[in-house]
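Engineer: Give me a 3D structure for the following:
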Amino acid sequence: MRFTLVADGPSDRALIPILIWSIRRCGAKFPIEPQWADPRLIPNPPRRLAPKIDLSLKLYPCELLFVHRDAEGQPFTQRFEEIAEAMEELGRQIAIPPFVRVVPVRMMEAWLLQNESAIRMAADNPNGRTELGLPSIREVERIHDPKDVLRCLLIEACGLQGRRRRNFRPNWRVYRIAELIEDFSILDQIPAFARFSAELEATLTATRLLADH
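Structural biologist: Residues are numbered from 1 along each chain as shown. Below is the predicted model of the structure:
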């Protein structure tokens, strides 16, 4: 089954392991082919969401569509409705696949702040002893800038000093954290993730995507 992730930004690639794990948890046994509509690779990307999704589907046709929008301080329901309205607009023009909305309360990086061993391994220092002080699962939706927090944790976890520490580049390692995590079930305690999981399960059930594959 092919799915396409319509990205909100370049770091959204780190959502792909989470999406694959979530589909598998719903019972999928078949091969899954993820596709990432990276906004940096789309020439002259539209600013409005509906044309952006339309272009993504033309470039990356799929059986299941994920649309990611960070809430970033906006009410969760506003982002939810924004995606629904874009899909309704698009559905009047073309046939659209089943879709699932992915709306973290702040930023996607908040969902990667719970696995200390994955952060240490992504920082190439799995046996580090520096105290990282990860936020509790109940705090992650209240963190103002989880992207910056995750970068700082990676820098702290690397254990480097001086020039080597200054030259350490954490950004690309965010995807590595997601790859290294085998079980994301702890995220069920985060309301935004629980909403996403419920919508995914309902969509897969209603459209019989699992049965058809």
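Engineer: How about the secondary structure of the nearest residue to residue 146 once chain neighbours are set aside?
Structural biologist: In this structure, residue 146 finds its nearest non-sequential neighbour in residue 110, 3.9 Å apart by Cβ to Cβ, 6 or more residues apart in numbering. C-beta here means a position set from N, CA and C on the backbone, and glycine is covered the same way. Following DSSP: H, G, I helix; E, B strand; the rest coil, residue 110 is assigned to helix.
Engineer: residues in contact with residue 110?
Structural biologist: Residues near residue 110 by Cβ atoms under 8 Å, 6 or more residues apart in numbering: 104, 140-141, 143, 146, 190.
Engineer: ok, of those, which one's closest to residue 40?
Structural biologist: Of all those, residue 40 sits closest to residue 104, with 20.3 Å by Cβ to Cβ.
Engineer: Just to check, the closest one is in contact with residue 111?
Structural biologist: Yes: assessed by Cβ atoms under 8 Å, residue 104 is found in contact with residue 111 at 6.3 Å.
Engineer: Are there residues contacting both of the two? Which ones?
Structural biologist: Joint contacts of residue 104 and residue 111 (Cβ under 8 Å, 6+ apart) are residue 193.
Engineer: how close does the residue sitting furthest away from the middle of the chain sit to residue 127?
Structural biologist: Each residue of the chain has a distance to the centre, and by Cα atoms, centre = their mean the biggest one is for residue 162: 32.8 Å. Distance, residue 162 to residue 127, by Cβ to Cβ, to the nearest Å: 20 Å.
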